[in-house]
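**Student:** Structure, please.
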Amino acid sequence: MIRIQVGFKEAQRDTAAILYAKAFECKLLQVMGDRKALERISKRGMDRWSCIAAYDSDGRLVGIAGYQNSDTHSILDAFHK
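**Tutor:** All right, here's what the predicted structure looks like:
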């Protein structure tokens with residue numbers, strides 16, 4: 001069973017950055033150079049409340065979907081502050 005909630009736990013920031021990097025590596029690796037750099041930047045800049053998070057039945061973060069609304073820029077909103 002998958003549980004969906006707004007945001008992810010701070011303790012899961014590393015996992016969220018890995019998931020984000022996997023999702024966008026085709027687009028961003030050309031600019032970033034390597035996946036580890038993309039993961040580091042994603043980890044540092046993620047706004048954990050600007051996404052929907054999916055958790056498996058064991059409580060592991062298995063997916064994220066970033067969103068943008070009138071109050072935030074995006075899942076990487078921290079770069080804008």
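**Student:** residues in contact with the closest residue to Tyr55 other than its chain neighbours?
**Tutor:** The shortest distance from Tyr55 to any non-neighbouring residue, by C-beta to C-beta, 6 or more residues apart in numbering, is to Arg3 (4.6 Å). Quick note: C-beta positions are derived from backbone N, CA and C, even for glycine. Residues touching Arg3, when contacts are defined by C-beta atoms under 8 Å, 6 or more residues apart in numbering, comprise 54-57.
**Student:** Swap in 10 Å and give it another go.
**Tutor:** 53-57, 59, 62 (C-beta atoms under 10 Å, 6 or more residues apart in numbering).
**Student:** Check Ala54 too.
**Tutor:** By C-beta under 10 Å, 6+ apart, Ala54 lies in contact with 2-5, 8, 19, 60-65.
**Student:** about what we covered before: let me know the pLDDT of the residue nearest to Tyr55.
**Tutor:** According to the per-residue confidence, Arg3 scores 95 in pLDDT.
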